[in-house]
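this is the structure alone, sequence omitted:
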């Protein structure tokens, strides 16, 4: 057994503590990356609520560059959708402000600035946007219906043309 002086023992304990603290830090960083990844998979699967909960965990944990900034942006988007609740816009705005403040160099920050500008625009502008979107969706449904009817008419005309061709050959 090796005998260590008190000073050497303190040095070994300090280095070990720092090493373990670094490993622990890597553990939560890795965990946040996994949570963000799982959240994105849940979004793809349509599990918005579960994705929302995971993103909340990521943004409430210690910041990890490249992970927390993305989670802040994605969570703010979820908060202004109907699935989570349109009344969550103030929280979304706060998250976007946090993203701008804590991660100014992030690739998510320019997008956050655009979304913040939209969220903070006069309410009338958002209402007009919402009305326009509703109008466009209604027009799109009408065009889809008309398109379907036209396809059916074309098929009927083809059938009629074939019948007439058969009659001519007789």
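Thanks, I have it. Predicted model only: the values in this text are computed from it and were never measured.

what domains does the record give for this structure?
Domain segmentation of the chain under automatic domain parsing yields 8-120, 123-170.

out of those, deepest packed?
Between the domains of the chain, domain 8-120 has the highest mean count of neighbours, a mean of 16, where neighbours are mean count of other CB atoms under 10 Å. Every C-beta, even on glycine, is put in place using the N, C-alpha and C of the backbone.

look up how far residue 40 lies from the residue most central in space within the chain.
With distances taken as CA atoms, centre = their mean, the chain has residue 74 as the residue nearest its mean C-alpha position (3.6 Å). According to CB to CB, to the nearest Å, residue 74 and residue 40 sit 8 Å apart.

then residue 109?
19 Å.

cool, residue 100 as well?
In terms of CB to CB, residue 100 sits 22 Å off from residue 40.

quick one, longest helix in the protein?
helix 123-169 (DSSP state H).

contacts for stretch 63-82, please.
With contact meaning CB atoms under 8 Å, 6 or more residues apart in numbering, stretch 63-82 is reached by 28-29, 32-33, 36, 39-40, 43, 48, 51-52, 55-56, 58-59, 61, 84-86, 88-89, 91-93, 95-96, 98-99, 102-103, 106, 108-109, 111-112, 115, 119.
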